[in-house]
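Visitor: Build the 3D model from these lines:
(4 chains, ligands or ions: 4)
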Amino acid sequence: MPELATAVRELTFGEAIKEAIAEEMRRDPRVVLMGEDVAEAGTTFKVLVGLVDEFGKERIIDTPISEAGFTGLGVGAAMAGMRPIVDIMFGDFLMIIMDQVANQAAKIHYMSGGKWKVPLVIRATMGATRRSAAQHSQSLHAWPSHIPGLKVVVPSTPYDAKGLFKAAVREDNPVVIFEHKISYRKVKGHVPDEDYIIPLGVADVKREGTDITLIALSSMVQVALGAAKMLEEVGISAEVVDPRTTWPLDEKTLVESVKKTSRCIVIDEGYFRYGITGELASLIQEQAFFDLDGPVRRLGAMHVPIPFSPSLEDVTVPSERQVFDLARQMCNK
Amino acid sequence: MPELATAVRELTFGEAIKEAIAEEMRRDPRVVLMGEDVAEAGTTFKVLVGLVDEFGKERIIDTPISEAGFTGLGVGAAMAGMRPIVDIMFGDFLMIIMDQVANQAAKIHYMSGGKWKVPLVIRATMGATRRSAAQHSQSLHAWPSHIPGLKVVVPSTPYDAKGLFKAAVREDNPVVIFEHKISYRKVKGHVPDEDYIIPLGVADVKREGTDITLIALSSMVQVALGAAKMLEEVGISAEVVDPRTTWPLDEKTLVESVKKTSRCIVIDEGYFRYGITGELASLIQEQAFFDLDGPVRRLGAMHVPIPFSPSLEDVTVPSERQVFDLARQMCNK
Amino acid sequence: MSTAATKSPSKIPTDKLLRLYKQMVAIRLFEERVNDLYTRALMPGLAHLYIGEEAIAVGVCEALRTDDYITSTHRGHGHCLAKGASPDLMFAELLGKEAGYCKGKGGSMHIADPATGNLGANAIVGGSAGIATGAAYASKYLKQDRVAVCFFGEGALGQGLLYEELNLAQLWKLPVIFVCENNGYNEYTHFSESTAGDVSARADAFGMANETADGQNVREVFAVASKYIERARKGEGPAFLQFKTYRYHGHHVGDIARAYYRPKAEEQEWVTQRDPITLHGQWLMDNGVADRAVLDKVQADLIAEMDAAVEFAVNSPYPDPSKVDQDIYA
Amino acid sequence: MSTAATKSPSKIPTDKLLRLYKQMVAIRLFEERVNDLYTRALMPGLAHLYIGEEAIAVGVCEALRTDDYITSTHRGHGHCLAKGASPDLMFAELLGKEAGYCKGKGGSMHIADPATGNLGANAIVGGSAGIATGAAYASKYLKQDRVAVCFFGEGALGQGLLYEELNLAQLWKLPVIFVCENNGYNEYTHFSESTAGDVSARADAFGMANETADGQNVREVFAVASKYIERARKGEGPAFLQFKTYRYHGHHVGDIARAYYRPKAEEQEWVTQRDPITLHGQWLMDNGVADRAVLDKVQADLIAEMDAAVEFAVNSPYPDPSKVDQDIYA
Ligand SMILES: Cc1ncc(C[n+]2csc(CCOP(=O)(O)OP(=O)(O)O)c2C)c(N)n1
Ligand SMILES: Cc1ncc(C[n+]2csc(CCOP(=O)(O)OP(=O)(O)O)c2C)c(N)n1
Ligand SMILES: [Mg+2]
Ligand SMILES: [Mg+2]
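Guide: Ligands and ions are numbered 1, 2, ... in the order given. Take a look at the predicted model:
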C-alpha cells in the first residue's frame, strides 16, 4: 500500500518523545538517560520501551530510588562533558530534587562567572485526572519557572514535544521538561520522521482568531482548542497561543495576539495561585493594557490538594466548558 | 527614671520574633523549637540568644544538619500532639525540605479527609545584600505560596512579626514564616509587651494615600515607605499596603486601595518572574480593571542568581529610587 | 536471621496464634477483592497489593497497642488492616466514596485513621520516615509510652531522608521501629541493582539495634517485633528490622506481564513453598492449636465480612463535587 | 587509623615532601590575609578559614592530577589553592572584583576553576556530593581515567544526599573519593551531638572501602589518599576517607567568642601540639630533608607572593553593574 507511505505520519505524544530521545542519542554519544525503571520497563509510563535494546544498559540506566542522588550526579556529569537526561517519573518528585535543580544546576554557570556549563535535561511529568491523588498528580512547572538559570519546556503536541525535546538536549543550560501524562497516549499528531528542532522561547499560534486570545500551556492547549471550536459555533473567533516554554518566554507573540483581539484568558493546569497564570496575565496587562477590553482572566487548577475521588478530581482541572463560558461572557455573546 | 517605663517600647525585628516565641513557649508546653545551632548559639543570626536558658535544651533543640530530616520529624510530632517550630536557617534551604513541606505537611489534612492536623511552624529567612551569594540570599516565599494547604507569613515590622508569629504557632495548619535577615537588627519599632495576635490573612495599610497604591511585602515595605516620603515631596500621595501573609490573602483590602487610588505598583524581594508580584498584579487588574488608570506595575528582585559582588548585588533588589521613579512616571508628575 | 521466634514459638498464647492467622487471611481476602474491583473497572486508578507479605504487617501490628503509631506506604492496605482499620471504610476509600476513611480524598495510597494510630499511607517512597520519627519524638516528649512503626519497602533505602531519620532516631533514642519489608524488587528492578552493600549495615551505620528475619513466618515476625517494640517502649531506643518477603502480584494491579523482570519460577517458588498463611495454618494444625475446620471457619467468616464490605462500598455514594474545597485547612 | 604513611614516609620523594610543606604554608598565609582583609572591612560578607586543616587539602590534592576533579565546601579556600588556583585571582574573587575567578559573582563560597579541575566550592552543606559523583561517572563513561574528590565536613553526614551518592558510587564503582574532614564541629555544635554511631560505619553501610587517618600529618594524608586515588583510577571503585582535624579559628571570620561551645584549652592543644605545618616542618628537619633556612625561605617567598596577590586584588576594579545579567545562561 504505497499510499500509506506518503500519508502524514502520526505519533502519540509519548512516541514523539521517545523518537526525540532516540535521535539525539544516535547523534551524540554523550547523551545518556537515567532514572528509575527506564531500561527494560521503559519507564513507569512505558514511554521508552525498546530504547534499551538499541542503546544498552550503559546509556539507558536504571537507578536506585534516589531522585536527588541521580539528579546531582547528572549535574556533575553534565559539567564533566556529558549531556545527561535524568528522568524523575512523577513531577511531584521535583520537591525532592529542588536543591540540585535550583540551588546547583541553575546557578553554577552564573556563580562560576560563566566558566562551567550544565547541559542537563530533567524530565518531569505533570497532569491530573489519573486518580493518582495528591502526591502523584501535580503540575509544578511554576516552581522552576521562578528560578533564573533554568529553562522550562511544557510541550502540548507531539510535533512540539519532539522538536522542543531535541532542542533541550542540545542546550548548554539545565532544562526542565514537563511531559503531560494523559497526553502520552491520548494526544496524537503529525511528527516528521526527520531531524528538526524548535528553539526554546518561541510561542506558537495554534489557531488564529480575532475576538479573544486563549493563552494555554501543555494539556490546556487541547482544552483551549476544544473551547475555540465551541466558541466558533456561537460566532466567536478565538486565537489559541501556546508559549511552549515558560522560560525563555516569547512575550512578543503573546502580547501581539492580545493587542489584536483585545481580550485574553490564560489557562494552565498548575495550581491557580502564585503560578503560571499570574505571571502571564500580569505581563499581558502591563504591555497591552490600553488595547484590552477588560481584565485578563485566568483559569488554573483549583487551589486544592488534588483529590483522589473522580467526582472531586474532575472539577479541579479547567474544562472546555469553563473556558467557553468565560470567553463568551467576556465577548458579551 | 519612671518616664522611661511609660515610653513606647521599641524592639528590633529579631527581638520581636524572640519575644513571640518565648511567650508562646511559656503559654503552651507543647511548643518546642528545633534547628541547627538554635540553643547556646541562639541561631546563626543570634536572634534567639538566651531562650535556651529559660526553656532548656529539651525545648530549644540543636539538630544535626538535616533540614529535611527534622522538618519531617516536625510534621510527625505535630500530628502526634505537639506544636513544633522548625528553623531552617537560610530560606534557600527550603529547596531541601520541600517534599516534607509541600507533599507532606501541606496535604495531610486534606488527604486524610480532615482527620489529621499538622500544626507546624517552619521558620525560614529571606533577603539579599548580605554578600552571601546565590545560595544564601534568596527570597523564596513564592514557592510555598503556590501550594494549597500551606499558610505563608512575610512580616515587615517588629509589631507584625510578633503578632503574626504568635498566630502562626496557634494555627492548626502548617505555616511557613519568612523572616527578613537584614531587618533582624535594622528594623525597629513599637512592640507591646503583651499577648496579642494578628490573624493571618489581614492586610495592613502602612500609610494612607490617594494617588497610588504601593503593595509591598517584607523588606519592601520599608522601601515603599521611603519612596512614599520622597513622593510626598513632589506632591504625590502614596498609600502603602502590606498583605502580611501571601496566603491566606486579603484581596479585599488590596483591591479597595487600588480602586481608590487607581494606580498600583507591587513590590517584592523575590525573583521577578512567576512569583509574588505576578499573582498580586494579576488579581488587582482582574478586580479593579475599570478603576485603573493604567496597568498595574511590578518591581521584584532582578531575575538573576544573586551575585556576590556588592557592585552587582545591590542593583538586584528594588530600591526607593526605583519605586519613586516608576510611581512618579505613573502619576505623570 | 533471628531464631528467637522459631526456638520458642509456644510462648505466644493460643488466641494470639489464631489471631495472627485470622489477620493474615483478612488481608489476603481484602487484596483479592481489590484486584477484582480493578479488573471489573470499579476502582479508579491503581493499587499495590500486599499479597504474599501479610505476615509482616500482622506480626508487627499484633505486637503494637491501638494507641501506638504506624506510617505506611503505597503498598499500605495490609498495614492499615493489621492496625485495625475496617474493611468497609477502606473499600469505600479505594473506590473514592464519601464514606471512605478520607472521604474519598486520599484513595489507596493515603489511608489514614487516627482511631487506630495510623498516621497515613504515603505515596512518596521513604516519605513517611520523618513522620514516624516525629510521632516517636512526641511520644517521648509528652512522656507517653507510645511506639511508632515506620513501614517501608527496601526501595526506600535509596532515599536520603531515611538516613537523616535513622540518625535522629538513634541520637535522641526515640521509640521508633523502622521496618524494612524487603520483597526483592523496587518496582521492576531487583533490589541488588539498586542497593550497594548489606541492608543491615545501613542500620549499623548509626549504631542502631537491628535484626533480619524471615518475613514469611508470622510467629518469627511477631517475636522479633515484640522484642524491639518493648525495648523501645522502655526508652531503650529505636531499632531497624529487615524482613525478607515477596509480593506475589505485580508492582501494581496493572503489572501483569512480569517475565521481563522476574522469572515465573521464582514467583511459583514463593507462592507454593513460602506462603505465610499456608505455613502458619500448617503450623497451627501440626501443633494442635487448630484443625482445618477451625481455619476454614475463620476464612468463611472473613469472606462474608469482606463481601459485605465490598457491597457497602460499591453502593455508597461519591462525594458531592462541592466538597472539593473542604478540608484544605483545619 | 592507618599506619601506612607513618611506617614508610620515606617513600615520598624529597621534592614532594617539600612541596607538601610549601602548599600548606601557602594556604595558611592566604587565610591569615583573608582574616586581615575581613578585620579591615575590605572583604564583603564572611569567610570560613581553613587554618589548622591544611594537611588534608594538600595531602589529597598532591595525590591528584591537574585534570582530576574536586568539589569543595564553604570552607573551600584550602582546597582551591591545593588544587592549583592562583592566590591573586582568589583574593580578587573574595573581594568581589571583576578579575576574580568568577568575575566577582561567586565569592568565597563558590570559587570554581575548570583549568584545575575545580568543579566549585558549594555553600550547601553536602550539596556537592552529587556533582563529584557525577564527574566520576562521566570520567568512567567517557573512558578517561580521571578521579573526582568530594571534600566535605563531618557536618555533611547529616545530609541524606550524601548517602544516596555513596550508594550510587559504590553500586556503579565510580572513581570518586569522599573525603570527610572531621574537625569536630558543625558550626557551634560538637559533632558528637549530631552524629550517631561511628563515622566509618557510614561507609561500611554501602560496602565502601574506607579508612580513618590523622589529618594533621600531611604525609599520612598523602599516602592514604594516594592509595585510594590510584585504586579508583584503576577502576576498583570509590572510597571514603575520614581525616581527623581541627579548625583553629571560628566557624567563620566573625565567630570570635567561642568559649560557649568549645574550650580555649582544646584550641590551644591543637594549635600547639598538632599543627600540621609545625609537625611536618620539624619532620623535614629531623629527617634531614630541609633545614630551618630552607623552610624560612619557602615562607618568605610565599609571603611576598601573597602580599602581591592581596595588593592586586585590592587595587582591582569591581565589576560594572551592567554585568549583573550576563552569564545567567550559556
Ligand atoms: C520518591 C519516590 N520515587 C519514586 C516513586 C515511584 N515508586 C512507587 S513504588 C516504587 C517502588 C518501591 O519499591 P519498594 O520501596 O521496595 O516497595 P515495594 O513496592 O516493593 O513494596 C517506586 C519507585 C515514588 N512513589 N516516590
Ligand atoms: C544544607 C545546609 N544547611 C546548613 C547550612 C549552614 N551551615 C554552613 S556551614 C555549617 C556547618 C558545617 O559543618 P561541617 O560540615 O562539619 O564543616 P566545617 O564548617 O566544620 O568545615 C552549617 C550548618 C548550609 N550551608 N547548608
Ligand atoms: Mg520492594
Ligand atoms: Mg566540621
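
Visitor: Give the buried residues for stretch C:231-249.
Guide: Within stretch C:231-249, the residues that count as buried by 16 or more other C-beta atoms under 10 Å in any protein chain shown are C:231-233, C:237-249. Just so you know, the C-beta spots here come from the backbone N, C-alpha and C atoms, and that holds for glycine as well.

Visitor: now do stretch A:100-107
Guide: Neighbour counts using 16+ other C-beta under 10 Å place A:100-107 of stretch A:100-107 among the buried residues.

Visitor: Run through who's touching it.
Guide: A:68, A:71-72, A:75, A:78, A:94, A:118, A:120, A:122, A:143-144, A:147-150, A:174, A:176, B:92, B:95, B:134-135, B:305, D:122, D:124, D:127-128, D:130-131, D:161 (C-beta atoms under 8 Å, 6 or more residues apart in numbering or on different chains).

Visitor: what about the one helix or strand C:V149 maps to and chain A, touching?
Guide: Under the criterion of DSSP states H and E, C:V149 resides in strand C:148-153. No - with C-beta under 8 Å from any C-beta of the partner chain as the criterion, chain A is not reached by strand C:148-153; the gap is at least 9.0 Å.

Visitor: Let's test this: mean pLDDT of that strand, rounded?
Guide: Here strand C:148-153 scores 99 as its mean pLDDT.

Visitor: May I have that strand exported as PDB, CA atoms only?
Guide: Extracted in PDB, the C-alpha atoms of strand C:148-153 (Å, rounded to 0.1, in the frame of the first residue of the first chain):
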ATOM      1  CA  ALA C 148       5.900   4.400  66.300                       C
ATOM      2  CA  VAL C 149       6.500   1.900  63.500                       C
ATOM      3  CA  CYS C 150       7.700   3.100  60.100                       C
ATOM      4  CA  PHE C 151       6.900   0.500  57.400                       C
ATOM      5  CA  PHE C 152       8.800   0.900  54.200                       C
ATOM      6  CA  GLY C 153      10.000  -1.200  51.200                       C
END
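
Visitor: which strands and helices sit next to it?
Guide: helix C:54-61, strand C:69-71, helix C:129-141, strand C:176-182 (3 or more C-beta pairs under 8 Å, 6 or more residues apart in numbering or on different chains; DSSP states H and E).

Visitor: what's the closest of those to ligand 4?
Guide: Closest to ligand 4 of the helices and strands packed on strand C:148-153 is helix C:129-141 (C-beta to the ion; 24.0 Å).

Visitor: which other helices and strands contact the closest one?
Guide: Counting contacts by 3+ C-beta pairs under 8 Å, 6+ apart, helix C:129-141 packs against helix B:67-79, strand C:69-71, strand C:148-153, helix C:160-171, strand C:176-182.

Visitor: How about residues contacting the helix or strand that the second one is followed by?
Guide: To tie it back to what came earlier, the one meant is strand C:69-71. Remark: after strand C:69-71, the chain's next helix or strand is helix C:77-82, criterion DSSP H and E. Helix C:77-82 is contacted from outside by C:23, C:26-27, C:30-31, C:34, C:47, C:49-50, C:53-54, C:56-58, C:60-62, C:70, C:72-73, C:87, C:90, C:108, C:111, C:113, C:116, C:118, C:121, C:151, using C-beta under 8 Å, 6+ apart.

Visitor: Give the burial count for residue 91, as a bare number.
Guide: This is for chain A. A:G91: 26 surrounding residues under other C-beta atoms under 10 Å in any protein chain shown.

Visitor: The intended chain is chain C.
Guide: Applying other C-beta under 10 Å, I find that C:F91 has 29 neighbouring residues.

Visitor: Surely it touches C:A309?
Guide: Yes - counting by C-beta atoms under 8 Å, C:F91 does reach C:A309; the two are 5.2 Å apart.

Visitor: what distance separates the strand holding C:V149 from the centre of its chain?
Guide: Centre-to-centre, strand C:148-153 and its host chain are 8 Å apart (C-alpha atoms, centre = their mean, to the nearest Å).

Visitor: separation between the closest residue to ligand 4 within the stretch 151-300 of chain A and C:C80?
Guide: Of all residues in the stretch 151-300 of chain A, A:P174 sits closest to ligand 4, at 30.1 Å by C-beta to the ion. According to C-beta to C-beta, to the nearest Å, A:P174 and C:C80 sit 40 Å apart.

Visitor: before we move on, back to that, and ligand 1, is the strand holding C:V149 touching that?
Guide: Yes - remark: strand C:148-153 sits within contact range of ligand 1 at C:G153, by C-beta under 6 Å from any ligand atom.

Visitor: Report the secondary structure state of A:Y196.
Guide: Three-state call for A:Y196 (DSSP: H, G, I helix; E, B strand; the rest coil): coil.

Visitor: List phi and psi for it.
Guide: When read as degrees, to the nearest 10, the backbone of A:Y196 gives phi -140, psi 150.

Visitor: before we move on, the earlier item: looking at the buried residues of stretch C:231-249, which two lie furthest apart in space?
Guide: Farthest-apart pair in these is C:G237 and C:H249; separation 36.1 Å (C-beta to C-beta).

Visitor: What helix or strand is residue 221 located in?
Guide: Looking at chain A here, since you left the chain open. helix A:219-233.

Visitor: oops, chain C please
Guide: helix C:218-233.

Visitor: same question, A:P84
Guide: strand A:83-87.

Visitor: For that strand, list the C-alpha coordinates in CSV.
Guide: Written as CSV, here are the backbone C-alpha positions of strand A:83-87 (Å, rounded to 0.1, in the frame of the first residue of the first chain):
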residue,chain,number,x,y,z
ARG,A,83,24.7,15.5,28.2
PRO,A,84,22.6,13.5,30.6
ILE,A,85,18.9,13.3,30.7
VAL,A,86,17.5,12.5,34.1
ASP,A,87,14.0,11.2,34.5
